[in-house]
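Asker: Build me a structure from this.
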Amino acid sequence: MSFLSAGVRRCRSSSTHRSKTDMFIRRHHFVAASVLSLLLLCVSGLSAQLTFSGNARSLFYSREIFPGAFSGDTEDSFRYFQSFGLHLVDRGKAGQLGFHTLFQVSDDLSLDLNDDPQSRLYNGYLEWKNKGTGLSLGRQWITLGPSSLTLDGFKASQSIGKVVEVTGYVGTQTPFSRKFDLQGWDRAKSGGFYVRTLSLKNAGLGLGLQQKSYQGETTFRELGIDGRVKLPEGVDLLGRADFNLLESGLQRAVLTGRYRPAESRFGFMAEYRHYEPRLFDKSYFKRFDLEGHEQVRGGVTCELKPGVSLNASYTGVFFEDDSDSYLTLGAACPYGSVSYFHGAGASGDEDGFAASGSYVFCKAWELFADVDYSLYRFYEELDRDYVFSSAFGLNWRPNRTVLAGVEFQDLNNDFLSKDFRVLLKFALNYSQIF
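Answerer: Got it, this is the predicted structure:
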């Protein structure tokens, strides 16, 4: 497998592949035209100051793919990814007008795949803010209330005095593939609201309701309550509880506490979580008897000096009749980190070791490497299997704007004797004020 063989295969592609390339180019033109239209809409009302920022990222990924599970037959894949993010904000007397987007286009340059090329719009929306009022229209990721939601629709927020802020949103769920398509109101209507406090000192409370639809049926209707409080002596508490209104039960509960005494090298964390499976009625996994579980975590960090620390954490997962436990010990410094991992219980047992590091030289060049090795088994009657993964590469950062690099990846276990991959990357971060 090599970039050369992928390039030769590309040059020898059939007329069918050329037609696919033409479609890929036309779709690029459609994406560019859509973005340009929205940009012109934003720029048409410019006033005092326009802030322009974002990033463009190109990836070329050479890897092996397996047409059949463990069939032994592999093909070389040379995949191209192009992503583009943009934040365009105009601050004028009439308020703040902005346009935000992130989309990605990808295609395999060596294989003819049925679902290529792929275009994904993660977000793309217009936003206006002024004196406690906010309006946004388009595809947007909403993280208010009991769950997250990518919505093709409308969101509005309003502050009432300096006491509370009320936010409501309505539209349709975005396709899971993030295609440039709308699912339709009858098929995927969704929405919700969220109310949060603004005036409580060192504390905050929130209440939200969210409903989602899938294939014309209401799949989730949840009510969520969340809160945070900052106590004296370096104590922070976070909590939330989400209720499934369709099944009249507790969906999720979380309580997290952090303690960092003043002028102390030590920091402590403790957490309790309760989860119930979140599945819609037509999910394949509904046929299994899935049960909820409790999770308890605790950890301590000791900072020996700035940038140098030791850490340890324990996680226990408790089911109705079984349990799992996980222990992690680690150390970190400005040049990297090392950690040891041990797991035991109903899911099997595992011992693993991981290390990562980087070194900057000549101000603009960075060498980096990651290594992960573990021994595991799912049942006591089985011998232990192993998995070893590694990645190393070189980055070039001449300034804050440009990043270019190459990364080599390798995976070995009892099923894959060799899985070698190469990643080429180029990123451009930009920010400009007119």
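
Asker: Please make it C-alpha for all contacts and neighbour counts, starting now.
Answerer: Noted.

Asker: Could you report the neighbour count for residue 391?
Answerer: Counted with other C-alpha atoms under 10 Å, residues neighbouring residue 391 total 18.

Asker: and it, bridged to which residues?
Answerer: In this entry, residue 391 is beta-bridged to residue 370, residue 409, by DSSP bridges.

Asker: just residue 413 next, same as before
Answerer: Here residue 413, judged by DSSP bridges, has bridge partners residue 387.

Asker: Just give me the neighbour total for it.
Answerer: 16.

Asker: repeat for residue 132
Answerer: Based on other C-alpha under 10 Å, the number of other residues close to residue 132 is 12.

Asker: Do you know the pLDDT at the residue nearest to it when sequence neighbours are not counted?
Answerer: For residue 132, ignoring the flanking residues on the chain, the nearest one in space by C-alpha to C-alpha, 6 or more residues apart in numbering is residue 159 at 5.0 Å. For residue 159, the pLDDT comes out at 93.

Asker: what does the one 5 residues further on give?
Answerer: Predicted confidence (pLDDT) for residue 164: 93.

Asker: Sort out which residues of the helix or strand residue 219 falls within are buried, please.
Answerer: Residue 219 belongs to strand 217-231 when assigned by DSSP states H and E. Neighbour-count burial for strand 217-231, with 16 or more other C-alpha atoms under 10 Å as criterion, is recorded at 218-230.

Asker: For residue 256, state which of these is nearest.
Answerer: When the buried residues of strand 217-231 are ranked by distance to residue 256 (C-alpha to C-alpha), residue 228 comes first, at 9.4 Å.

Asker: show me the contacts for that closest one.
Answerer: Counting by C-alpha atoms under 8 Å, 6 or more residues apart in numbering, residue 228 makes contact with 203-205, 236-239.

Asker: So which residues of the stretch 51-200 of the chain form strands?
Answerer: Assigned by DSSP state E, counting those that start in this stretch, the stretch 51-200 of the chain shows strands spanning 75-92, 95-108, 118-130, 133-142, 149-160, 164-173, 189-197.

Asker: mind giving me a markdown table with those strands and columns for mean neighbour count and distance to residue 248?
Answerer: A markdown table is the format used below for the strands of the stretch 51-200 of the chain (neighbours: other C-alpha atoms under 10 Å; distance: least, C-alpha to C-alpha, whole Å):
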| stretch | mean neighbour count | distance to residue 248 |
| --- | --- | --- |
| strand 75-92 | 19 | 41 |
| strand 95-108 | 20 | 37 |
| strand 118-130 | 19 | 32 |
| strand 133-142 | 19 | 24 |
| strand 149-160 | 20 | 21 |
| strand 164-173 | 20 | 23 |
| strand 189-197 | 22 | 18 |
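
Asker: Show me the one of the ones you listed that comes nearest residue 357.
Answerer: Closest approach to residue 357 among the strands of the stretch 51-200 of the chain (C-alpha to C-alpha): strand 75-92, 26.4 Å.

Asker: Note down every partner strand of that closest one and its orientation.
Answerer: Strand 75-92 is paired, per DSSP bridges, with strand 49-65 (antiparallel), strand 95-108 (antiparallel).

Asker: Between the ones you listed, which has the poorest mean confidence score?
Answerer: strand 49-65 (a mean of 85).

Asker: show me where pLDDT drops low in the stretch 201-350 of the chain?
Answerer: Under the criterion pLDDT under 70, the flagged ranges of the stretch 201-350 of the chain are 280-288.

Asker: Of all the residues in the strand or helix carrying residue 375, which ones are buried?
Answerer: Per DSSP H and E: residue 375 is located in strand 365-377. Buried residues in strand 365-377, counting neighbours by 16+ other C-alpha under 10 Å, are found at 366-377.

Asker: any idea of the mean pLDDT for stretch 131-150?
Answerer: Mean pLDDT, computed over stretch 131-150, is 91.
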